[in-house]
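Trainee: Pasting the sequence and the predicted model now:
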Amino acid sequence: RVRGADLRARVDAKKRDFLQRQLELEQVWVVPEEGKEGRGVNEFYVDCRFGGDCPPRGKSLVKARPVGVEGEVLLVENA
């Protein structure tokens, strides 16, 4: 149990670090998800949520700027 808890803690820490490094990027490309208003996934398979103007739905790539992290979600704005 102790070893499992340690591994989960390490995975969570690595995930947080990875999301924080995403904020250093000037832009990311996001594919908006069908049926999920203002949500999508970027080229690094990170769940993203748009603030402000939502991009068009569909399978088109949208250029976005990372602006924050909320939990395990990258907050982005249209670039």
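Mentor: That came through, no problem.

Trainee: Please make it C-alpha for all contacts and neighbour counts, starting now.
Mentor: OK.

Trainee: just how off-centre is the single longest strand found in the chain within its chain?
Mentor: Determined from DSSP state E, the single longest strand within the chain is strand 62-70. Centre-to-centre, strand 62-70 and its host chain are 7 Å apart (C-alpha atoms, centre = their mean, to the nearest Å).

Trainee: CA-only coordinates of it in CSV, if you can.
Mentor: The C-alpha trace of strand 62-70 is given here as CSV (Å, rounded to 0.1, in the frame of the first residue of the first chain):
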residue,chain,number,x,y,z
VAL,A,62,-7.6,25.9,-33.3
LYS,A,63,-4.5,27.9,-32.4
ALA,A,64,-4.7,28.8,-28.6
ARG,A,65,-2.6,30.4,-25.9
PRO,A,66,-2.2,28.7,-22.6
VAL,A,67,-3.3,31.0,-19.7
GLY,A,68,-3.7,28.7,-16.6
VAL,A,69,-4.2,25.4,-15.1
GLU,A,70,-7.3,24.2,-13.2
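
Trainee: How about that strand, which residues are buried there?
Mentor: Judged by neighbour count (16 or more other C-alpha atoms under 10 Å), strand 62-70 contains these buried residues: 62, 63, 64, 65, 66, 67, 68, 69.

Trainee: can you list contacts of the helix or strand that comes right after it?
Mentor: With elements assigned by DSSP states H and E, the helix or strand that comes after strand 62-70 is strand 73-78. Contacts to strand 73-78, defined as C-alpha atoms under 8 Å, 6 or more residues apart in numbering, come from residues 19, 22, 46-55, 62-69.

Trainee: what lines up beside strand 73-78 in the sheet?
Mentor: As defined by DSSP bridges, the strand partners of strand 73-78 come to strand 47-50 (parallel), strand 62-70 (antiparallel).
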